[in-house]
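*Asks:* here are the coordinates; sequence isn't available:
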């Protein structure tokens, strides 16, 4: 279940002119690692924003989320604090509503989201780029097992999860099976709108 608050869209249509770069992919693909490296590479660029997700579970060493309890999350959602929110693997996730101000100001917002909200975000924002980060199944399974995070739930279920929504297709795919530094540079080129092929 996902929801984009109606107020996220401007009266004139989709929110722009900035870009919304959505990073998606299966658990264990290494999204957080690539995002952390890309954020460090873009640290001096005020035109690029990496908002902290709000999640109803504790952050791990690999993520920089804002942790809220379920009741706090519900109150924030009802108060209109989120640009988008969704449920996945027994937890609630959201992006803060101030990303709308960043995009209206022409900045690029980069966020890790669920594939289930891509369609709604493509409709709500004028310039959306979807980057799918993936890896071979054996690599995904090994990474999830090594992470051993209780909140991950059933690893087999996470590996077989799919989204049958044509609007959820990726514009760019990064096969993250090699050097994280190399693949993060691919992501940075997409974020900076420079393409991503060598």
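*Replies:* Arrived safely, thanks for sending. Predicted model, so just to flag it, every value in this text is computed and none were measured. Numbers count the residues shown, from 1 in each chain.
*Asks:* Nearest spatial neighbour of the most centrally placed residue in the chain, chain-adjacent residues omitted?
*Replies:* Computing the C-alpha centroid of the chain and ranking residues by C-alpha atoms, centre = their mean puts residue 112 first, at 1.3 Å. In space, residue 112 comes closest to residue 23 once its chain neighbours are excluded; the distance is 4.8 Å by C-beta to C-beta, 6 or more residues apart in numbering. (Each C-beta comes from the backbone N, C-alpha and C, glycine too.)
*Asks:* Tell me who's in contact with that neighbour.
*Replies:* 31, 34, 35, 110, 111, 112, 113, 131, 133, 187 (C-beta atoms under 8 Å, 6 or more residues apart in numbering).
*Asks:* Could you say which helix or strand holds it?
*Replies:* Taking DSSP states H and E as the criterion, residue 23 maps to strand 19-24.
*Asks:* Listing partners with orientation, what would you give for that strand?
*Replies:* Strand 19-24 sits in its sheet next to strand 108-112 (parallel), strand 128-134 (parallel), going by DSSP bridges.
*Asks:* Below-threshold pLDDT in this structure: ranges please.
*Replies:* 1-12, 59-63, 143, 147-168, 195-198 (pLDDT under 70).
*Asks:* change it to 90
*Replies:* Within the chain, the stretches with pLDDT under 90 are 1-13, 26-30, 32, 57-65, 88-90, 135-169, 177-178, 194-198.
*Asks:* and the residue nearest to residue 96 when sequence neighbours are not counted, which of the three is it?
*Replies:* Nearest residue to residue 96 in three dimensions, chain neighbours excluded: residue 51, at 5.7 Å (C-beta to C-beta, 6+ apart). At residue 51 the chain is in coil, as set by DSSP: H, G, I helix; E, B strand; the rest coil.
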